[in-house]
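J.: need the 3D shape of this:
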Amino acid sequence: MRLLIVEDETKTGDYLHQGLSEAGFNVVLARNGLDGHHLAMTETFDLILLDVMLPDVDGWKICQSLREAGNQTAILFLTARDQVEDRVKGLELGADDYLVKPFAFAELLARVRSLLRRGNRPVQESLAVADLQIDIIKRQAIRAGQKISLTNREFTLLELLASRKGEVLPRSLIASQVWDMNFDSDTNVIDVAIRRLRRKIDDPFKPKLIHTVRGMGYRLDDDDN
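T.: Now for the predicted structure:
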């Protein structure tokens, strides 16, 4: 699941990014309202964690703009403003939830998961391709009954490929979804990551699941054609 954090406080933004990444989410951090608004309008996210008091354009206006544009991505307001009228305003503008700072990370995580379960797409708990089983909740991969040890980044890459089974995913998409970066044609980080994942997922087993589509990208499928 892909989350967008819009938070101008450096420590808070870094804390949220690290904590939610370690919880297994693909997290993008915007440090001001203009960048956050642009990302929310041009990219796909499952949930937006939105600060209210931003220095350039406040969270109220961002939320209102998204809803007026027909963007129904779930929004969780994070703010130090704890007055009842503030909460009412946020919900009336179209936010899905409102959490007052300071908050316990465990409560934030519970709210995030609740909103994702409530969203337009059901939260998938597992994926399967051929004899490969992927437990998204436990972040575990098992192939032919063997548990495969993966780094957090490798698991995120595998989850992306498996969730789009049969689709050819361009390097630019993989870069933005897994590394939160724009694709640079001069870097081979994606190809290296794919090779490492293949060594663990494919090399000891048949059929091969990760396929290179020359000039286009990669796909994961149990169809060798």
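J.: looking at the chain, which helix or strand does the model trust least?
T.: Lowest by mean pLDDT, DSSP states H and E among the helices and strands of the chain is helix 171-178, with a mean of 78.
J.: now for the following helix or strand past that helix, which elements pack on it?
T.: Scanning forward in sequence from helix 171-178 by DSSP states H and E, the next helix or strand is helix 189-201. Of the remaining helices and strands, those touching helix 189-201 by 3 or more Cβ pairs under 8 Å, 6 or more residues apart in numbering; DSSP states H and E are helix 152-163, helix 171-178, strand 210-213. (Glycine included, C-beta is placed from N, CA and C.)
J.: circling back to that earlier point, so which elements touch the least confident helix or strand of the chain?
T.: Using 3+ Cβ pairs under 8 Å, 6+ apart, helix 171-178 sits against helix 152-163, helix 189-201, strand 217-220.
J.: what's the angle between the second one and helix 152-163?
T.: Right, the one you point to is helix 189-201. Following axes from the mean of the first three to the mean of the last three Cα atoms, to 10 degrees, one obtains 80 degrees for the angle between helix 189-201 and helix 152-163.
J.: could you check helix 189-201 and say which residues are buried?
T.: 189, 190, 193, 194, 197, 198, 200, 201 (16 or more other Cβ atoms under 10 Å).
J.: what does stretch 217-225 give?
T.: 217, 218, 219, 220, 221.
J.: tell me the one of those nearest residue 139?
T.: residue 220 (17.1 Å; Cβ to Cβ).
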